[in-house]
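Novice: Sharing a model prediction with you, sequence too.
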Amino acid sequence: MQPEDIKEPPAPPEDVQTVALSDAIWRLPRKHREIILLYFYQELTMSEVAQTLHISVATVSRRMKTACNALGIILREEGIVWTKSM
């Protein structure tokens, strides 16, 4: 799989939290968005994400942490409470 083969997330149900999360993901820088899409939407392991993007697992981990923190900030700015169940 190549980074350009990353599929868009599935069309979300029309609830405020899901739409806000989808919008927030697309506001992330590409290197962080790729990690989120591959791991959560393509359901790849951290190792598989690393192989796909030709980066180390440690880099995947750092980018994941940065991406999740950024998503939390974006969602809080939109008035959405970030929960693990989203």
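Specialist: Arrived safely. Numbers count the residues shown, from 1 in each chain.
Novice: any idea of the mean pLDDT for the helix or strand hosting residue 22?
Specialist: In the assignment (DSSP states H and E), residue 22 maps to helix 16-27. Mean per-residue pLDDT for helix 16-27: 86.
Novice: What lies in contact with the helix or strand following that helix?
Specialist: For helix 16-27, the succeeding helix or strand toward the C-terminus, using DSSP H and E, is helix 30-36. Here helix 30-36 makes contact (CB atoms under 8 Å, 6 or more residues apart in numbering) with 3, 6, 25-26, 28, 49, 53, 60, 63-64, 66-68, 70-71. Every residue, glycine included, has its C-beta placed from N, CA and C.
Novice: Please repeat the previous calculation with a cut-off of 10 Å.
Specialist: Helix 30-36 has contacts (CB atoms under 10 Å, 6 or more residues apart in numbering) with 3, 6, 9, 21, 24-28, 42, 44, 46, 49-50, 52-53, 55, 59-71.
Novice: Worst mean pLDDT across the helices and strands of this protein, which element?
Specialist: Every helix and strand in the chain was compared by mean pLDDT, DSSP states H and E; the lowest is helix 16-27, with a mean of 86.
Novice: Packing partners of it?
Specialist: Other helices and strands packing on helix 16-27, by 3 or more CB pairs under 10 Å, 6 or more residues apart in numbering; DSSP states H and E, are helix 30-36, helix 57-77.
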